[in-house]
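>>> Generate coordinates for the sequence data below:
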Amino acid sequence: MQTWRNRARGRGVPGCMRIFQTGLIVAGLWVGGATAKEAYDPLKVAEVAVESKTFEVQDAARGRTIPLRVYLPADKKPVPVVLFSHGLGGSRDNNPYLGEHWAKRGYVVVFMQHPGSDESVWKEAAALERMTAMRQAASAKNYIDRTQDVPAVLDALAKWNVDKGHVLHGRMDLEKVGMSGHSFGAQTTQVMAGQSAGRISLRDPRVDAAVMMSPSPPARGDAAAAFATVKIPCLLMTGTLDDSPIGNTTPADRLKVFPHLKEAPAWQVVFDKATHMDFGQREGRAPRPTRYHRAILALSTAFWDAELKARPEARKWLNGEGAKKVLAPEDRWEKNGKTAD
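Sure thing, here's the model as predicted:
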């Protein structure tokens, strides 16, 4: 019996068997379970400091300055780029929990600030006039300005990427660009992804995948027609209490986008009892103690990994049990027929 135990532990095992075991361990396939191939985990990050820098894009044609905050991964090689568009009254400094995590996962993350619908709207207004100022800022003009900010930023990033004197030189793979945003930023993202208004499309073909947090159907026109022109992969996030602080958008309205993304691979999560503000984080504040942020990070990271890095294990995680494990039983997770592994 002692001889058998020694052999089972590797002592006294014939040489050919030890070689076989060593090969399995090196390959990460040791059948005894001591070593196994590490499972895909979109929440796992290296404990490294994330560098963030601020820049300004000068759009001379429009006489417009677009502030940016860029989160940089530790790796200096070119990596995919993720853009983020803030909601009404926000800034480039909002939602650092997203920027830091995505950067640690190997993305250059660019937070845009849209003048006219940014924090200046409420900061420069008297306390009793802030809500009126915010409503006025949710205008068609600012909507168009936002959709024109994105191409201007992408143009600037392309110039900086080849400028040997710029700190961002060579850091970005601009053949792989994701676009994301919350609320008004989700509407901006929808347009960049291909949402049309009649025969008018402002889609930027450089955007390869999109994440919309608190999406909205078009204020006018047919939603089916508006989203029929979206063909890039999309991830939608909303909540059962996700109404709008400004305007009349209801939680039910937010569910009117996903069903019409028939030409695009699309996933959607509906968080139980999540409000409009559960997606955000103001600058200088720790993330709110909410379960939603963890799931947002996991789902969005897996989506970027699948669509911008072409990692098949990320798509399998989205389509399998992995995604369900970061959600509560009351949450709703769905996908359409174009999301197959």
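>>> now the host helix or strand of S300, how far from the chain's geometric center?
Here S300, judged by DSSP states H and E, is contained in helix 291-308. Relative to its chain's centre, helix 291-308 lies at 7 Å (Cα atoms, centre = their mean, to the nearest Å).
>>> tell me the angle the helix or strand following it makes with helix 291-308.
Using DSSP H and E, the helix or strand that follows helix 291-308 towards the C-terminus is helix 312-319. Using axes from the mean of the first three to the mean of the last three Cα atoms, to 10 degrees, the direction of helix 312-319 lies 140 degrees away from that of helix 291-308.
>>> Flag every buried residue along helix 312-319.
Buried positions in helix 312-319, judged by neighbour count with 16 or more other Cβ atoms under 10 Å: E313, A314, R315, K316, W317, L318, N319. No exception for glycine: its C-beta is placed from N, CA and C like everyone else's.
>>> Just the closest of those residues to P67, please.
Comparing the buried residues of helix 312-319 against P67 with Cβ to Cβ places A314 closest, at 31.5 Å.
>>> ok and whichever strand or helix holds G178 relative to helix 291-308, angle-wise?
Taking DSSP H and E as the definition, G178 sits inside strand 172-182. On the basis of the same axes, to 10 degrees, strand 172-182 is oriented at 140 degrees to helix 291-308.
>>> buried set for strand 172-182?
By neighbour count on 16+ other Cβ under 10 Å, the buried set for strand 172-182 is M172, D173, K176, V177, G178, M179, S180, G181, H182.
>>> contacts for the longest helix seen in the chain?
The longest helix of the chain (DSSP state H) is helix 140-162. By Cβ atoms under 8 Å, 6 or more residues apart in numbering, the surrounding residues in contact with helix 140-162 are 55, 57, 59, 62, 64, 66, 68, 78, 81, 83, 85, 110, 112, 114-117, 166, 168-172, 174, 177, 179, 184-185, 187-188, 191-192, 202, 204, 206-207.
>>> Any chance of the backbone angles for R332?
phi -110, psi 130 (degrees, to the nearest 10).
>>> so what's it scoring on pLDDT?
Looking at R332, its pLDDT stands at 97.
>>> Please name the bridge partners of it.
Judged by DSSP bridges, the bridge partners of R332 are V270.
>>> Surely it is in contact with V269?
Yes. With contact defined as Cβ atoms under 8 Å, R332 and V269 form a contacting pair (6.9 Å).
>>> ok so, going back, just checking, which of the contacts of helix 140-162 belong to strands?
Under the assignment DSSP state E, these contribute 55, 57, 59, 64, 66, 68, 81, 83, 85, 110, 112, 172, 174, 177, 179 to strands.
>>> What is the nearest of those to R291?
S85 (24.7 Å).
>>> isn't that closest one right up against G185?
Yes. Here S85 reaches G185: they are 3.3 Å apart, a contact under Cβ under 8 Å.
>>> re the thing from before, for PyMOL, write a command that selects the buried ones of the contacts of helix 140-162.
Command for PyMOL that selects the buried part of those, burial taken from 16+ other Cβ under 10 Å:
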select buried, resi 55+57+59+64+66+68+81+83+85+110+112+114+117+168+171+172+177+179+184+185+187+188+191+192+202+204+206+207
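>>> low-scoring stretches of the stretch 101-250 of the chain, by residue?
For the stretch 101-250 of the chain, no stretch is flagged by pLDDT under 70.
>>> One more pass at 90, please.
By pLDDT under 90, the weakly predicted segments of the stretch 101-250 of the chain are 118-138, 197-202, 219-222, 244-248.
>>> got the residue ranges for the helices in it?
120-123, 130-137, 140-162, 184-193, 223-227 (DSSP state H, counting those that start in this stretch).
>>> Show me which of those has the highest average neighbour count.
Mean neighbours per residue, mean count of other Cβ atoms under 10 Å, is largest over the helices of the stretch 101-250 of the chain for helix 184-193, with a mean of 27.
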